[in-house]
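In: A predicted structure for the sequence below; I have some questions about it.
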Amino acid sequence: MMEFLNLLGLLLLSAIRTSTPLILAAAGGSVCARSGVMAMGMEGFMLVASFGAAWGAYTFQNAWLGLLVGILFGVFYSLLYAVLCVTFSMNQVICGIGMNMFALGFTTSMTQIVWGTRAYSDTVPTLDHIQLPLVGDISVMVPLAILLAVLLWGYLFKTPQGLHMRIVGENPLAARTIGINTKKFKYLGVLICGLLCSLAGSFLSIDHVNRFVMDMTAGRGYIAVSVNILGRFNPLGAIAGGLLFGVADSLQNVVTSSSIPGQLLSMVPYVVTLLVISFAVRYVSSPAGMGKSDD
Amino acid sequence: MGKFKLDTTKLYHFLRIVAALLLALIFGGVILYIAGFNPLQAYKLIFKGAFGGGKAFLTTLIYATPLLFTGLSFIVARHANILNLGIEGQLYAGAMTSALLGAYVTVLPKVIHLPLVLAAGALAGGLYAALAAFLKVKYGANEVITTIMMNYMATLFCSYLVAYPLKNDQGLTQTERIAETAQLGRLVKDHSLSQAILFALVLIVVVNFVFKNSRFGYRARACGGNRLAAETAGINSGRITIQTMFLSGAISGLCGGLLVCGTYFRFITNFSSGFGFEGVAVATLAAFNPIALILSGILWGGIKSGASVVNRIASVPMDVISLIQALVVILVAAPRLMDKLLAPLKKFLVKGGRSV
Amino acid sequence: MNTIEMRGITKRFGSLTALDHVDFTLQKGEIHALLGENGAGKTTIMNVLYGLLQPDEGEILVNGRPVRFRDSLDAIKENIGMVSQHFMLIPVLSVTENVVAGSEPRRGLFFDFAKAAQQVEKLARDNGFSLDVRARAGDLSVGELQRVEILKVLYKNAQVLIFDEPTAVLTPQEVDELFLTFRRLRDEGKSIVLITHKLGEVMQIADRVTVLRDGHLIGSVEKKDTSIRELVKMMVGREVSLGARHRSDLSGKVKCSIRDLSYTRGGLPVLSDINIDIREGEIYGIAGIEGNGQTELLEVLTGLLKPDSMTLTLDGRQVTGAAVDFIRSGIGHVPEDRLQRGLVRNMTVAENIILGYEDKEDFSRSGLLRQAAIQAAGTRLVDDYNIKTPDCNTPVSSLSGGNQQKVIIARVFSEEPDFVVCAQPTRGIDIAASEYIHEVMFRYRDQGKAILLVSADLDEIKTMSDRIGVLYKGRIVDEDLADNFDDDRLGCRMAGVDYVPESEGDDDGKI
């Protein structure tokens, strides 16, 4: 019994950590979706930022500068996504997939170039942790993720600009007829998403562990898309959805000692995503203008 | 009209794809430069390694074979406007199924065993893909997400199988060698190119014919073009979607089976170097035309083959290729960006200037 | 001085010149009709005035001052407002949010919803509109949505109000109410532009008329100095016969019988107890405001939607099953929206012509298409139905709207079905093409076949139908010979109001 409670506690703590990148990405994805752009490129934003953060931290031997580099990389990458999808009206799904593939090729090449092996980087400095009551020693990203999700919720649903962004996402033409600059809000939506995905990606390489690993995001960007839908394109919903997936994701970290093979435990988050996207989100309606490229 | 007339709009569309490829190669060159290579030198080496001589070309065909299959698989689904990003998973499902039947069924003569093993691989891949299509049709699950999740599931499950239930004595993460009766022969003497490429070429021709000239192909294209209009016309779009996806997955599964029967003779963990996503790139460069896929597949096969030669010196080039491929996918799918970059050429070739 | 003066406006889309040096002036306190066929450039020039499009040439003066609009925000700042043909409302947002969006009252950083609701409530009251300002826009009726659109424009303090085909979806009574609002706004000194192709409306409400044809200005006239006949000539460029068509004598036997049709969705009735008999040689028209079950009726009658109950017989044979079975039984379908349900845009004309009939012996055998036969059929129908296209291997997307519609008409009518369900057959296409399509329908009727016509265009219903059934909240609330319906009766019935005939004078000026 004691052992079980212990395990449960460990699981929860681990879930909080593993859910952090998902909460960040999905909250950013909500804003992106609300502006009418499908957040298909999150995997790539995260991966590029993850590499950038490790590279920055390695080069400057300072995790905070690493975070800054990670953010620069990720936001720049999301800017490219915005240029292609918004300015050049590219199909958002294809663009996202292409950019995610590119991110994988790019980061792997660069890892090889910088550290001489494609699989992983050298160890890099990590972000300092903070002490919080109840949970104790914890990454600063955890409370930051919650805070940002709440702020973005306030932005989307309580401010005039948020209303404008939602109108752009529902019907860009309607937005234009009342004088709203649709491109501005779509760019803003994608860039906010890029920023949050950068934090998520940086968290993976300079906080969760202390190195960049090839394909470090391992589909988290796509999982975040489903968290996003599960959370009804609401940043607060992203917190709840992120935690659910956090539990699924952290089973492999906690149950290592037991007799269940690691590969099967690693499958859990993917299976959960498959189930959620198939059965749990049937009645969630997307912003009506999402994925369409308007002129 | 009896006289041959050059369609300049079509010519422009062709040149636009070529330009996308060139741009991608230039960008790849920049990365190669950063990595300390002379890009021109590197590309020259790659080209020589790929197409310099008969033996090199046969090796190129080895690299091209899986790409022809996965590219075709992507094209098939794409005809019905489904993005099959689960090719990798379907490949694994097919390969594992074939490897198991090849290794553990040992009583059959070759004429039965080999076809059975390959058919089982195709069936496994097809069913795995059809599951994603079913979830899409029945529950509206976005196939992009489901197929990518199913890739991770398949690869992890296969590595579980070879690590636990199928673990062999040497502790290697691979299955037992398949029986002689399940092995596919070589195409030419003294070279390891297997007969699988013949399967690929035949399949390409068949698929091309099916989508152009069969009722099923017509219906699949109608569903792909406008699902609602197809349904209004009495076409069961759900069934067509599942059938098309099954066909697409079966091609990937067959590819997995052929790689096992003709190349590796067993299932080896990580046997695919991302053939699934490479298929997307190969198909995109072929503008989703099965016949053009032959050229596109051989071109990429050549680049990979050539790069593997350079790769023996340093391992950067292989990853640069996946980066170039991704860039091709992006640029070919961004006609407006390319139009902007090629504005003078477009003005010259395309009358009216409105067509995309 | 003119409130608005547009001079020499030219707008090109690629090789197409949508507007060719068009002038337009609007005075303070006038209702100005902008008349023209579909594709004449009416909406385009107003989109230019509203800043949604930037002209290639020409200038715009507001109160004598030259202005340049980069987007609609600039136009809004000059107190110009526009109500588009397709409502620009967000269904998931409240009426208040829809009205104030773009110029919301704020409290600090935040959107002050309470204050906004108050303001909108007052504005609605001042204009005599009764509206629940907290309701979701998606839950409102079409008439209410239009009031929200008007409030949206008034909230931004517009002095110039542009209305694009505002009456297309209203009942005759709602049209009257709308015109009352127009007059009141005019008397308050506001200027109104009414984009329309309906001559009756022009004669009823406008002070001045500007006519466009093919992107050219044909002329501006005072209403009192012109006649319907002259306006038609200006609009179409030739004389058009305005005479009524001959009606069917309804002597044939029942061709198609619909019995006990009911359909509920989510527990709510969508179609209830519909019984319709359509005779050989009859066009039966369904009149009704959009959203009263028309779409569902069409889908049920073509097998796309399973009703809770229905007995559908065609020549005494019962029709059941899926869409494909309905087609095989001889029911043709011209869908409501040609691009959404009618055509596969990236396929060729020939391929679109066999869509739904690809199973027929003529077009495929043992699973393979008979390309030569398909080509021959395509070429023949392009010719027979006057479809303007280089050849039948052209993608259907490169055809004009009217010719795209003709592809669907050719597909359906060439198969000689016994019964055709025909929805919005002429929506958004030019007069020549619509006349042609109407001719095909009449010819078909006269061969003893039956047609069910659903159209939002009341004029079309009135001229085409032999009998009319009025659909209101999923019920046929009135059914009679077309000649026994006048606007008053139709309007009352469409609005679900009891109709009490009164001895009234002629309503002249309508066609």
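Out: Thanks, I have it. Remember, it's a predicted structure, so these values are computed and weren't measured experimentally. Numbering: from 1, shown residues only, chains lettered A, B, ... in the order given.
In: Could you grab the helix/strand/coil label for residue 104?
Out: I went with chain A, as the question did not name one. With DSSP: H, G, I helix; E, B strand; the rest coil as the basis, residue A:104 sits in helix.
In: nearest residue to it other than its sequence neighbours?
Out: Nearest residue to residue A:104 in three dimensions, chain neighbours excluded: residue A:215, at 6.0 Å (Cβ to Cβ, 6 or more residues apart in numbering or on different chains). Heads up, the C-betas are built off the backbone N, CA and C, glycines and all.
In: quick one: contacts for the one you found?
Out: A:47, A:104, A:108 (Cβ atoms under 8 Å, 6 or more residues apart in numbering or on different chains).
In: Three-state assignment for it, please.
Out: At residue A:215, secondary structure determined by three-state DSSP is coil.
In: Strands of the stretch 151-295 of chain A, residue ranges please.
Out: In the stretch 151-295 of chain A, no strands are found when defined by DSSP state E, counting those that start in this stretch.
In: what does the stretch 51-200 of chain B put close to chain A?
Out: When proximity is defined by Cβ under 8 Å from any Cβ of the partner chain, the stretch 51-200 of chain B lies next to chain A at B:83, B:85, B:135, B:139-142, B:144-146, B:148-150, B:152-153, B:156-157, B:159-160, B:163-164.
In: Among those, name the ones in helices.
Out: B:135, B:139, B:144-146, B:148-150, B:152-153, B:156-157, B:159-160, B:163 (DSSP state H).
In: check whether stretch B:285-294 contacts chain C.
Out: No: Stretch B:285-294 stays out of contact with chain C when judged by Cβ under 8 Å from any Cβ, the minimum separation being 11.8 Å.
In: Residues in contact with that stretch: which ones?
Out: B:13, B:17, B:21, B:68, B:71-72, B:75, B:78-79, B:201, B:204-205, B:207-208, B:211, B:282-283, B:295-297, B:299-300, B:328, B:332.
In: and the nearest residue in space to residue C:20 that is not next to it in sequence, how many neighbours does it have?
Out: Once flanking residues are discounted, residue C:20 sits nearest to residue C:215: 4.9 Å by Cβ to Cβ, 6+ apart. Residues near residue C:215, counting by other Cβ atoms under 10 Å in any protein chain shown, number 22.
In: Kindly report the same for residue B:216.
Out: Residues within reach of residue B:216, counting by other Cβ under 10 Å, total 17.
In: on that earlier part again, and the residue nearest to residue A:104, how close does it get to residue A:47?
Out: Residue A:215 is 7 Å from residue A:47, where distance means Cβ to Cβ, to the nearest Å.
In: Overlap of the contact sets of those two?
Out: What both residue A:215 and residue A:47 touch, as defined by Cβ under 8 Å, 6+ apart, is the set residue A:104.
In: rewinding a little: list the contacts of the residue nearest to residue C:20.
Out: Residue C:215 makes contact with C:17-20, C:22, C:40-41, C:44 under the criterion Cβ under 8 Å, 6+ apart.
In: again, only this time at 10 Å
Out: With contact taken as Cβ atoms under 10 Å, 6 or more residues apart in numbering or on different chains, residue C:215 is in contact with C:9-12, C:16-22, C:36, C:39-41, C:44-45.
In: could you flag which of the residues you listed are buried?
Out: Neighbour counting over the contacts of residue C:215 (16 or more other Cβ atoms under 10 Å in any protein chain shown) leaves C:9-11, C:17-20, C:22, C:36, C:39-41, C:44-45 as the buried ones.
In: Please enumerate the strands of the stretch 1-150 of chain A.
Out: Under DSSP E, counting those that start in this stretch, the stretch 1-150 of chain A gives strands at A:129-132, A:136-139.
In: Can you tell me the closest non-neighbouring residue to residue C:165?
Out: Among residues not flanking residue C:165 along the chain, residue C:85 sits closest, at 4.5 Å (Cβ to Cβ, 6+ apart).
In: Verify the stated contact: the one you found with residue C:197.
Out: No: with contact defined as Cβ atoms under 10 Å, residue C:85 does not reach residue C:197; the gap is 11.2 Å.
In: Quickly list what's touching both of those two.
Out: Jointly contacting residue C:85 and residue C:197 under the rule Cβ under 10 Å, 6+ apart are C:165, C:168.
In: between those two, who's got more neighbours?
Out: Set side by side, residue C:85 and residue C:197 show more neighbours around residue C:197, with 18 against 14, by other Cβ under 10 Å.
In: And that one, its phi and psi?
Out: phi -120, psi 10 (degrees, to the nearest 10).
In: mind checking how far it is from chain A?
Out: As judged by Cβ to the nearest Cβ, to the nearest Å, residue C:197 and chain A stand 22 Å apart.
In: Contact partners for the closest residue to that residue other than its chain neighbours?
Out: In this structure, residue C:197 finds its nearest non-sequential neighbour in residue C:37, 6.0 Å apart by Cβ to Cβ, 6+ apart. Under the criterion of Cβ under 10 Å, 6+ apart, the neighbours of residue C:37 are C:197, C:211-214, C:235-237, C:429-432, C:434.
In: again, 8 Å this time
Out: C:197, C:213, C:235-236, C:430-431.
In: Weed out the non-buried ones from those.
Out: Listed as buried from these are C:197, C:213, C:235-236, C:430-431; burial here means 16+ other Cβ under 10 Å.
In: just checking, which of the residues you listed belong to helices?
Out: C:235-236, C:431.
In: Closest one to residue C:296 out of those residues, please.
Out: Using Cβ to Cβ, residue C:431 comes nearest to residue C:296 of these, at 30.5 Å.
In: Verify the stated contact: that closest one with residue C:214.
Out: No: with contacts counted by Cβ atoms under 8 Å, residue C:431 stays clear of residue C:214, the gap being 11.9 Å.
In: pLDDT weak spots in the stretch 251-356 of chain B?
Out: Applying pLDDT under 70 to the stretch 251-356 of chain B flags the ranges B:313-316, B:351-356.
In: And the strands in it?
Out: Under DSSP E, counting those that start in this stretch, the stretch 251-356 of chain B gives no strands.
In: Do you have the helices of it handy? List them.
Out: For the stretch 251-356 of chain B, applying DSSP state H, counting those that start in this stretch gives helices covering B:275-285, B:290-311, B:316-332, B:335-341, B:343-349.
In: now the ones you listed as JSON lines including mean neighbour count and distance to residue A:64?
Out: Below are these laid out as JSON lines (neighbours: other Cβ atoms under 10 Å in any protein chain shown; distance: least, Cβ to Cβ, whole Å):
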{"stretch": "helix B:275-285", "mean neighbour count": "28", "distance to residue A:64": "35"}
{"stretch": "helix B:290-311", "mean neighbour count": "22", "distance to residue A:64": "37"}
{"stretch": "helix B:316-332", "mean neighbour count": "25", "distance to residue A:64": "29"}
{"stretch": "helix B:335-341", "mean neighbour count": "17", "distance to residue A:64": "36"}
{"stretch": "helix B:343-349", "mean neighbour count": "13", "distance to residue A:64": "44"}
